[in-house]
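> sharing a model that was predicted from the sequence below.
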Amino acid sequence: MMAELSTETLPPTAFSLDYKAFNNDTGCPGIRAPNGTILSITLIICLLGLVGNGIVIWFLGFCMKRNPFTVYVLNLAVADTGYLLCSVAHRTTSIVRYLFCGDPEFLDIWFAVLYVWTYNTSLYILTAISTERCVSVHFPIWYRCRRPRHLSATISALLWALPILLFCSMSIFCLLFFNEFCANSLLCIFILNVLIFSPIMVLSSLILSIKVQRSSQRRPPGKLYVVILLTVLFFLLFTLPHSVAFFLSDLHIIKPTPIVYTLSCASSSINPFIYFLVGSYGKRRFRGSLKLSLRRVFEEQRDSGEDKDPRHSTDPIETVV
């Protein structure tokens, strides 16, 4: 069943730097200087992203009181960490295969599964973040009075499970219909992301940006809104080339370049730096520790009472999935 998922149908994030692209005349893989440079840059980006996301997970998971927004951010950081760990592991195994001329195809399959799972989960959670903030801005009374207490944790759990269900369904169809369906199996997931989740994220972010622009005429926009808009913006800038390359690669039009993969890793690495820069910026200068910067961003909505639930005297603490 799994063997039907050939490397040609796997996303470019998993194989744009595959060791087979570096074969020399002897038949064994050999990394040339340009691609080796990109590989090194990619690994550095991944390691920086792992450190940043690890700090976010530590502070939001153990050092700060959780609110509906931080539950989403915590799950987003976990998904990005999983993607970056998979990236580092895949790059490392590619180097090992280059040295020993090995070809364990099952590793490619498992890396593809992990890539699809963590990448899609990040997209879905980011869509949920922008959508919920948009709803809270335009329907504040309904949001404060009717929002279920553990909605963020419930939605996060469902969004983690959705890519798994999609992949299991895809595998079943591959088993039943073989190449008739497997040839376009990952394309179905791509269409779901592009035609459903991405438009929702873009539309809600656009509405939110208009709201922020109008409110900025009366007072400076909250750091929370700036973080959401910047996160969505960089996600689209860094992953749009990846998505387009994946679509064209699945149609056998072009072969993705290593830079596309590097950009996708940058997308999973940049969020912690956005949190720190936005949280530390005040009165035209950067100040404060990392923990204090994160508090300025993630505790802003609680301090302002923006998302307080009037049914409870204290802020609800949601659990992370």
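Here it is on my side, so go on.
> buried ones in the helix or strand where Phe173 lies, by neighbour count?
According to DSSP states H and E, Phe173 maps onto helix 151-177. Buried residues in helix 151-177, counted by 16 or more other C-beta atoms under 10 Å: 152-153, 155-156, 159-160, 162-163, 166-167, 170-171, 173-174. Quick note: C-beta positions are derived from backbone N, CA and C, even for glycine.
> need those residues in TSV (columns: distance to Ser289 and pLDDT).
Compiled in TSV, the buried residues of helix 151-177 are given as follows (distance: C-beta to C-beta, whole Å; pLDDT from 0 to 100):
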residue	distance to Ser289	pLDDT
Ser152	26	90
Ala153	28	92
Ile155	31	95
Ser156	28	94
Leu159	32	94
Trp160	31	95
Leu162	37	92
Pro163	36	88
Leu166	41	84
Phe167	41	79
Met170	45	76
Ser171	47	73
Phe173	51	71
Cys174	50	70
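> closest to Phe234 out of these?
Phe234 has its nearest neighbour among the buried residues of helix 151-177 in Leu159, at 19.9 Å by C-beta to C-beta.
> and the next element down the chain from the helix or strand of the chain with the lowest mean pLDDT?
Considering only helices and strands, the least confidently modelled element of the chain by mean pLDDT, DSSP states H and E is helix 12-15, at a mean of 42. Using DSSP H and E, the helix or strand that follows helix 12-15 in sequence is helix 33-58.
> got the buried residues for that next one?
Neighbour count says helix 33-58 has 38-39, 42-43, 45-46, 48-50, 52-53, 55-57 buried, by 16+ other C-beta under 10 Å.
> now the strands for the protein?
When secondary structure is read from DSSP state E, the chain shows strands at 281-282, 285-286.
> looking at the buried residues of helix 33-58, which one is closest to Leu114?
Among these, and counting by C-beta to C-beta, the member closest to Leu114 is Cys46, at 13.8 Å.
> next one: that closest one from Thr93, what distance?
Using C-beta to C-beta, to the nearest Å, Cys46 is found at 14 Å from Thr93.
> count of neighbours near the closest residue in space to Leu60 that isn't next to it in sequence?
Excluding its sequence neighbours, the residue lying closest to Leu60 (C-beta to C-beta, 6 or more residues apart in numbering) is Leu74, at 4.5 Å. For Leu74, the count of nearby residues is 26 (other C-beta atoms under 10 Å).
> will you turn the buried residues of helix 33-58 into a markdown table that also has distance to Leu224 and pLDDT?
Output for the buried residues of helix 33-58, formatted as a markdown table (distance: C-beta to C-beta, whole Å; pLDDT from 0 to 100):
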| residue | distance to Leu224 | pLDDT |
| --- | --- | --- |
| Ile38 | 35 | 84 |
| Leu39 | 36 | 85 |
| Thr42 | 31 | 91 |
| Leu43 | 32 | 92 |
| Ile45 | 26 | 95 |
| Cys46 | 27 | 95 |
| Leu48 | 24 | 96 |
| Gly49 | 22 | 96 |
| Leu50 | 25 | 96 |
| Gly52 | 19 | 94 |
| Asn53 | 19 | 96 |
| Ile55 | 19 | 93 |
| Val56 | 15 | 94 |
| Ile57 | 19 | 95 |
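> what is the nearest of the buried residues of helix 151-177 to Phe69?
The closest of those to Phe69 turns out to be Ser152 (C-beta to C-beta; 7.6 Å).
> distance check, the closest residue in space to that closest one that isn't next to it in sequence against Ser40.
Leaving aside its sequence neighbours, Ser152 sits nearest to Val71 (C-beta to C-beta, 6+ apart; 3.9 Å). Per C-beta to C-beta, Val71 is found 36 Å from Ser40.
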